[in-house]
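Asks: show me the folded form of this:
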Amino acid sequence: MYPVEQAILLGISVFSIVNPFAAIPVFVGLTATMPRHDRMVIKRTSSFATFVILVAAYLVGESLLRFFGISIASLRVAGGVLIFSMAWSMLQAKMPSTKQTPEEAEEAGDRKALAIVPLAMPLLAGPGAISVMILAATKTDGLPDHLGAMAATAVVCVVIFLTLLLSAPIAKILGQTGMNVGTRFMGLILAAVAVEFVTGGLSEIFPAWTIPTVGG
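Replies: Residues are numbered from 1 along each chain as shown. Modelled structure (predicted):
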């Protein structure tokens, strides 16, 4: 696969998991009473923090797997199951529980920490997105691939910033029904990505499954 195609695929996968549109109601609710300047700071900080978290996962994630003795195939299966659980919730237009727990929502009152927790992590850069970045690092080889992955991540984070920047008018135009439709669409894409992860991981763990049988 060419670096450009690989970067585009990574960008689509990360964007589907991050799904900044699903974060709009949370962002609007948490920042409704804040001054305009404070909201802008949170938008910039959240987007940049998401980029830093995803890039960190991309750069050091594979080393951590080796340290704990976890195979890439196992991560693909586990990541696929996790991503599919998120996709299932999104298909029902619900906030995946892996992104934000009730306890984290209650602790979101600290305005200074809002940009990092819960907006950047786990709402945007959650376990699913981090898993995708680690898996992407295992498939890239050479400077062009790495630069493409960084560029794709940067584009996703720019889109996150623009989405948060326009969060109020987007929420007003789409309404709850439109937001639910968008969430379900992202969930469908995410489910397909999860299936690819699981089948790819299982084919490595059980290579005999991919060998055609005689007369099959």
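Asks: in the protein, spot the helix with the most residues.
Replies: helix 167-205 (DSSP state H).
Asks: which secondary structure elements does it contact?
Replies: When contacts are defined as 3 or more CB pairs under 8 Å, 6 or more residues apart in numbering; DSSP states H and E, helix 167-205 packs onto helix 3-18, helix 20-31, helix 72-91, helix 127-139. Bear in mind the C-beta positions are built from the backbone N, C-alpha and C, glycine included.
Asks: same thing but at 6 Å, please
Replies: Contact here means 3 or more CB pairs under 6 Å, 6 or more residues apart in numbering; DSSP states H and E; on that basis helix 167-205 packs against helix 3-18, helix 20-31, helix 72-91.
Asks: among those helices, which comes closest to residue 169?
Replies: Of all the helices and strands packed on helix 167-205, it is helix 20-31 that lies closest to residue 169, at 10.3 Å by CB to CB.
Asks: mind listing what's buried in the helix or strand following that closest one?
Replies: As assigned by DSSP states H and E, the chain's next helix or strand after helix 20-31 is helix 36-68. Buried residues in helix 36-68, counting neighbours by 16 or more other CB atoms under 10 Å, are found at 39, 41-43, 45-47, 49-55, 57-58, 61-62, 65.
Asks: assign the closest residue to residue 26 other than its chain neighbours to helix, strand or coil.
Replies: Excluding its sequence neighbours, the residue lying closest to residue 26 (CB to CB, 6 or more residues apart in numbering) is residue 123, at 6.2 Å. In three-state terms, and counting by DSSP: H, G, I helix; E, B strand; the rest coil, residue 123 is helix.
Asks: got a list of contacts for the helix or strand containing residue 150?
Replies: Using DSSP H and E, residue 150 sits in helix 143-165. Contact with helix 143-165 is made by 3, 7, 10-11, 14-15, 20, 27, 43, 47, 50-51, 54, 136, 140, as judged by CB atoms under 6 Å, 6 or more residues apart in numbering.
Asks: tilt between the longest helix of the chain and helix 20-31?
Replies: Per axes from the mean of the first three to the mean of the last three CA atoms, to 10 degrees, the angle that helix 167-205 makes with helix 20-31 is 130 degrees.
Asks: taking helix 143-165 as reference, get the angle to helix 167-205.
Replies: Using the same axes, to 10 degrees: helix 167-205 against helix 143-165 is 150 degrees.
Asks: centre of the chain to helix 167-205, how far?
Replies: Relative to its parent chain, helix 167-205 has a centroid offset of 10 Å by CA atoms, centre = their mean, to the nearest Å.
Asks: ok, residue 27 - contacts?
Replies: By CB under 6 Å, 6+ apart, residue 27 lies in contact with 164, 167.
Asks: for stretch 193-208, what is the distance to the chain centroid?
Replies: So, by CA atoms, centre = their mean, the centroid of stretch 193-208 is 20 Å from its chain's centroid.
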